[in-house]
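K.L.:
generate a structure from the sequence data that follows.
(2 chains)
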Amino acid sequence: GENVEQHPSTLSVQEGDSAVIKCTYSDSASNYFPWYKQELGKRPQLIIDIRSNVGEKKDQRIAVTLNKTAKHFSLHITETQPEDSAVYFCAASPPSGTYKYIFGTGTRLKVLA
Amino acid sequence: NAGVTQTPEFQVLKTGQSMTLQCAQDMNHEYMSWYRQDPGMGLRLIHYSVGAGITDQGEVPNGYNVSRSTTEDFPLRLLSAAPSQTSVYFCASSYGATGGTEAFFGQGTRLTVV
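P.N.:
As a prediction, the model looks like this:
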């Protein structure tokens, strides 16, 4: 079955700097890759996603890149702000549907003011 | 629009007790899933359903049962609680479109088994 590895587990950056979180997946059939942000004590919420027919997607300060050949995808946050501090999860989903997300183990991002 | 609602938010059980975690969604989503979240282990899929009357096992199904009699509801049953089931449980739902769609999560149930 699918396996998703996520690195790093913790990441501290200075406010205004960029942050990059990387994930690799094992099942080449996976075709949907969302990123979720989870603030302390809250539910995970989608911040950006990418499909396998796209190499890059951007939404304001957030971007995701996908390398299907290498089976890895990355989250890029530019101009980080204190409110970006949270746990970020990547996930991979098979073509059959998003009821079977396989999540990475999460990255705790701390943005230092 | 309430989205995905879980009850209870907090629960303490004694070892061996059984209970049902409730999950309801009002978005007419076909897909519903249960995850458990443990420190350092991310979100792991317990059971999922692709529609009323259809359920299947995820990564960590042992000790849990599910059923889906309606589109809206997807309860998770702990048969005989064990300390290893202490966790935060999230229910999620999504629209059944191919190609991937957003999963909406409930607020979570924080379960402690003593």
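K.L.:
just the C-alpha atoms of stretch A:23-42, please, in CSV.
P.N.:
Provided in CSV are the C-alpha atoms of stretch A:23-42 (Å, rounded to 0.1, in the frame of the first residue of the first chain):
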residue,chain,number,x,y,z
CYS,A,23,7.2,14.5,1.2
THR,A,24,7.8,11.4,-0.7
TYR,A,25,5.2,8.8,-1.6
SER,A,26,5.6,5.1,-2.7
ASP,A,27,2.5,4.4,-4.9
SER,A,28,3.1,5.8,-8.4
ALA,A,29,-0.7,5.5,-9.0
SER,A,30,-1.4,8.2,-6.4
ASN,A,31,-2.8,11.2,-8.2
TYR,A,32,-3.9,13.8,-5.6
PHE,A,33,-1.7,15.5,-3.1
PRO,A,34,-3.2,17.8,-0.5
TRP,A,35,-1.6,19.8,2.3
TYR,A,36,-3.4,20.3,5.6
LYS,A,37,-2.6,22.8,8.3
GLN,A,38,-3.5,22.0,11.9
GLU,A,39,-3.4,24.7,14.5
LEU,A,40,-3.1,23.6,18.2
GLY,A,41,-6.2,21.9,19.3
LYS,A,42,-8.0,22.4,16.0
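K.L.:
now residue 57. Nearest residue, chain neighbours left out?
P.N.:
All of this refers to chain A. Spatial nearest neighbour of A:Lys57, excluding adjacent residues (Cβ to Cβ, 6 or more residues apart in numbering or on different chains): A:Ile50 at 4.8 Å. Quick note: C-beta positions are derived from backbone N, CA and C, even for glycine.
K.L.:
sorry, should have said chain B
P.N.:
Distances taken as Cβ to Cβ, 6+ apart place B:His47 nearest to B:Gln57, at 5.9 Å, with adjacent residues excluded.
K.L.:
so the one you found makes contact with B:Thr55?
P.N.:
Yes: with contact defined as Cβ atoms under 8 Å, B:His47 and B:Thr55 form a contacting pair (5.9 Å).
K.L.:
partner strands of the helix or strand B:Asp56 falls within, with direction?
P.N.:
Per DSSP states H and E, B:Asp56 falls inside strand B:54-57. Paired neighbours of strand B:54-57 in the sheet (DSSP bridges): strand B:42-51 (antiparallel).
K.L.:
and the partner strand, average pLDDT?
P.N.:
Averaged across strand B:42-51, the pLDDT comes to 93.
K.L.:
check what contacts it and list those residues.
P.N.:
Residues outside strand B:42-51 that contact it (Cβ atoms under 8 Å, 6 or more residues apart in numbering or on different chains) are A:6, A:44, A:89, A:91, A:97, A:99-106, B:30-38, B:55-61, B:64-66, B:68, B:71, B:74, B:76, B:89-90, B:96.
K.L.:
returning to what we had before: buried sites along the strand holding B:Asp56?
P.N.:
Neighbour-count burial for strand B:54-57, counted by 16 or more other Cβ atoms under 10 Å in any protein chain shown, picks out B:Thr55.
K.L.:
enumerate every residue touching the residue of chain A found nearest chain B.
P.N.:
Per Cβ to the nearest Cβ, A:Tyr32 is where chain A lies closest to chain B, at 2.5 Å. Residues counted as contacts of A:Tyr32 (Cβ under 8 Å, 6+ apart) are A:49-52, A:92-93, A:98, B:99-101.
K.L.:
many thanks, have a good one.
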